[in-house]
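K.L.:
sequence plus predicted model, see below.
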Amino acid sequence: MDYELVDYMEMALNSAELAANRNEVPVGAVIVDTNSGRVVANSGNQMIGRHDPTAHAEMLAIRAAGNMVGSERLVNCDIYVSLEPCPMCAAAISLARIRRLYFGAYDPKGGGVEYGARIFDQPSCRHKPEVYGGIEESKSAALLKNFFQARR
């Protein structure tokens with residue numbers, strides 16, 4: 001089954017909505033094997049539920065994808081995330097050698113790709129994926145805005 005870029009981002013947004021339903025910050029991530037077009041991992045944030053500050057959607061998806069493909073290197077994979085990855089997740093994306101990063105909303109406060117630490121621009125970064133931001137940005141931003149407004 002051939003999916004388009006927006007279809008994969010919609011899957012990430014659906015995972016983000018499921019996270020919001022669990023009272024987690026609504027961020028979702030999907031990892032796709034680019035050779036087959038198959039989704040190899042799909043996750044939303046689970047920090048509260050797992051009592052784990054590293055249980056970001058990207059981290060969980062990377063772990064699951066590594067198990068699915070049988071390697072710590074995801075060189076033939078792309079990741080779709082509803083929010084610009086934080087520095088921790090950006091570093092994990094680099095270490096996993098993910099080919100391309102697509103994300104929705106930009107994160108001026110906590111981002112690690114276009115904002116903040118800019119992990120991929122650091123001399124210590126061994127692998128820089130192709131980066132495409134702003135995919136379904138308005139939907140991603142609205143999901144986050146609504147989540148936080150409801151909690152104020």
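P.N.:
Yep, that arrived.
K.L.:
average pLDDT for stretch 72-92?
P.N.:
Taken as a whole, stretch 72-92 carries a mean pLDDT of 98.
K.L.:
what of stretch 133-140?
P.N.:
On average, stretch 133-140 scores 96.
K.L.:
ok, and what's touching that stretch?
P.N.:
Here stretch 133-140 makes contact (CB atoms under 8 Å, 6 or more residues apart in numbering) with 5-6, 9-10, 13, 16, 80, 82-84, 102-106, 113-114. Backbone N, C-alpha and C define where each C-beta goes, glycine included.
K.L.:
what about it, start to end distance?
P.N.:
Across its full length, stretch 133-140 reaches 11 Å end to end, with CA to CA, to the nearest Å as the criterion.
K.L.:
identify each buried residue in that stretch, please.
P.N.:
Gly133, Ile135, Glu136, Glu137, Lys139, Ser140 (16 or more other CB atoms under 10 Å).
K.L.:
in CSV, list those along with secondary structure and distance to Phe147.
P.N.:
As requested, the buried residues of stretch 133-140 are arranged in CSV below (DSSP: H, G, I helix; E, B strand; the rest coil; distance: CB to CB, whole Å):
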residue, secondary structure, distance to Phe147
Gly133, coil, 20
Ile135, coil, 19
Glu136, coil, 16
Glu137, helix, 16
Lys139, helix, 13
Ser140, helix, 11
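K.L.:
which two among those are spaced furthest apart?
P.N.:
Farthest-apart pair in the buried residues of stretch 133-140 is Gly133 and Lys139; separation 13.8 Å (CB to CB).
K.L.:
element containing the residue nearest the centre of the chain?
P.N.:
Taking CA atoms, centre = their mean, the centroid of the chain lies closest to Val81, which sits 3.1 Å from it. Val81 is part of strand 77-83 when elements are defined by DSSP states H and E.
K.L.:
using CSV, list the CA coordinates for that strand.
P.N.:
Extracted in CSV, the C-alpha atoms of strand 77-83 (Å, rounded to 0.1, in the frame of the first residue of the first chain):
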residue,chain,number,x,y,z
CYS,A,77,13.6,4.4,7.5
ASP,A,78,12.0,7.8,7.7
ILE,A,79,10.3,9.3,10.9
TYR,A,80,7.2,11.4,11.0
VAL,A,81,6.6,13.4,14.2
SER,A,82,3.8,15.7,15.0
LEU,A,83,6.1,18.1,16.8
